[in-house]
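Trainee: Please find the sequence and the predicted model below.
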Amino acid sequence: MPKLDESLLTGLPPFSQLNRAQIREILDQAGSRRYEEGTAIFREGHDAESFFLLLDGYLRVVRTTQGGDQIIVLHISPGQLFGIAPALQRDTYPATAIAAAESIALSWSARVWSDFTARYPGFATESYKTLGQRLGQIQETLTEMATQAVEKRVACAVLRMANQSGRKTPNGIEIAFPVTRQNVSDMTGTTLHTVSRLLSAWQRDGIVESTRKHIVVTDPHALVLLSEQ
DNA sequence: ACATTAAGGTTAT
DNA sequence: ATAACCTTAATGT
């Protein structure tokens, strides 16, 4: 196991209030691992042996329905904790985490969770804060799915990815990880065909540029308007 | 207003 | 060459 540098965690919200020695303690208990694109970090229903911090890359958090088709619940960006089932009374993971791009994550045994929250100031509050934010985002997209038209839902989904992971390019904001039309339909409750048609139409109107697994938002303002209609 | 079906085209490996 | 991904049109609810 390579020796991990303290700079990996300094500045990240869950650890922002901790001193160097405390971060050292935490890192010495961590494992680190690289995940290729498409690899599962953990699976829905499995024993929650560990919790994680994403250092680099992007994850899809996915749930499979009774019917067998999967829906994308949310994405995880670098610096975020995930798989924090131990945070409250869960011994299995509620969803599956899949690397959307090549990713690197730290992991800790679930057993040390209570230790962390007790010993390190700010860790617990920050964790529950992100937990709350995620819950809010999930029920927001949930009501959006139930009430809004497809074009608006897809516009919102694309905007969320751009806001979360967007990097500026000469042409606009580029989503930083590979996304297929199927992926977008899995997060909006529609079909890949509809997503394809919408992206084609938006491309004609100069709102996005998309090639396979790749979306650039060239006119964010126009997309925001679509998401608000 | 959207899904489904079907058929064909393109791109990565 | 094959599979994965994307497009478009026609038809159905």
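Mentor: Looks like it arrived, so ask away. Numbering: from 1, shown residues only, chains lettered A, B, ... in the order given.

Trainee: for stretch A:107-122, how far is the first residue from the last?
Mentor: Length of stretch A:107-122, first residue to last, Cα to Cα, to the nearest Å: 19 Å.

Trainee: how far is it from where the chain is centred?
Mentor: 22 Å (Cα atoms, centre = their mean, to the nearest Å).

Trainee: Could you check that stretch and say which residues are buried?
Mentor: A:107-108, A:110, A:112-113, A:116-117, A:120 (16 or more other Cβ atoms under 10 Å). All C-beta atoms are positioned from the backbone trio N, CA, C, and that covers glycine.

Trainee: Identify all contacting residues around that stretch.
Mentor: Residues outside stretch A:107-122 that contact it (Cβ atoms under 8 Å, 6 or more residues apart in numbering) are A:14-18, A:22, A:26, A:29-33, A:48-53, A:83-87, A:123-124, A:127.

Trainee: Narrow those residues to those in strands?
Mentor: Mapping the contacts of stretch A:107-122 onto strands (DSSP state E) picks out A:31-33, A:50-53.

Trainee: which of these are buried?
Mentor: For the ones in strands among the contacts of stretch A:107-122, a burial check counting by 16+ other Cβ under 10 Å picks out A:50-53.

Trainee: could you dump the residues you listed to TSV with distance to A:R43?
Mentor: Listed next are these as TSV, based on distance: Cβ to Cβ, whole Å:
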residue	distance to A:R43
A:S50	13
A:F51	15
A:F52	13
A:L53	19
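
Trainee: ok, and of the residues you listed, which contact DNA strand C?
Mentor: Checked against DNA strand C using Cβ under 7 Å from any atom of the strand, these give no members in range.

Trainee: just these now: which is nearest DNA strand B?
Mentor: DNA strand B has its nearest neighbour among these in A:F52, at 25.9 Å by Cβ to the nearest atom of the strand.

Trainee: Was I right to think that closest one contacts A:S103?
Mentor: No - using Cβ atoms under 8 Å, A:F52 is not in contact with A:S103, being 10.1 Å away.

Trainee: any common contacting residues for these two?
Mentor: With Cβ under 8 Å, 6+ apart as the test, A:F52 and A:S103 both reach A:I41.

Trainee: Just list what the longest helix anywhere in chain A packs against, helices and strands only.
Mentor: In chain A, taking DSSP state H as the definition, the longest helix is helix A:123-147. On a contact count with 3 or more Cβ pairs under 8 Å, 6 or more residues apart in numbering; DSSP states H and E, helix A:123-147 meets strand A:70-76, helix A:113-119, helix A:150-165.

Trainee: That one: how far from the chain's middle?
Mentor: 12 Å.

Trainee: buried sites along it?
Mentor: A:123-124, A:126-127, A:130, A:134, A:141, A:144-145.

Trainee: same question, stretch A:21-28
Mentor: Under the neighbour-count criterion of 16+ other Cβ under 10 Å, stretch A:21-28 has A:22-23, A:26-27 buried.
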